[in-house]
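> Sequence below, structure please.
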Amino acid sequence: MLGQLPPIASRNASETGTDVAGYLTEGFGFSVFTLDGVALHQTYSTTGRGIEFLMGYYGVLDRMPKGRDEGEAWQTWIHRHDEYDRD
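Residues are numbered from 1 along each chain as shown. The predicted model follows:
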């Protein structure tokens, strides 16, 4: 299974100081709850690419000529400011 994951999974795990299994089990997400008297209801929940609405830069990148330019290496295009080639 680990061989089927995109390269970003192992890169992110390494950069956050954990292994791939630990990284994947501590994923991000977004949930909405409502309180009705004493009853709490979860009305919405999403993970992974479902939280893109929270990432303001995606909308900007999606309007660029090459978009996010992800190609086959999903999300490996994200770099720190000093990690880009200086061509």
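
> Is N12 in contact with Y23, as I believe?
Yes - the criterion here is CB atoms under 8 Å, and N12 meets it with Y23 at 5.9 Å. To be clear about C-beta, it is placed using only N, CA and C from the backbone, and glycine gets the same treatment.

> So which residues of the protein form strands?
Taking DSSP state E, the strands of the chain run over residues 29-36, 39-47.

> Would you mind putting those strands into JSON lines with mean neighbour count and distance to T16 alongside?
Below are these laid out as JSON lines (neighbours: other CB atoms under 10 Å; distance: least, CB to CB, whole Å):
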{"stretch": "strand 29-36", "mean neighbour count": "10", "distance to T16": "16"}
{"stretch": "strand 39-47", "mean neighbour count": "10", "distance to T16": "17"}
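
> With distance to P65 and mean pLDDT added, can I get the ones you listed in TSV?
Listed next are the strands of the chain as TSV, based on distance: least, CB to CB, whole Å; pLDDT from 0 to 100:
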stretch	distance to P65	mean pLDDT
strand 29-36	30	94
strand 39-47	29	94
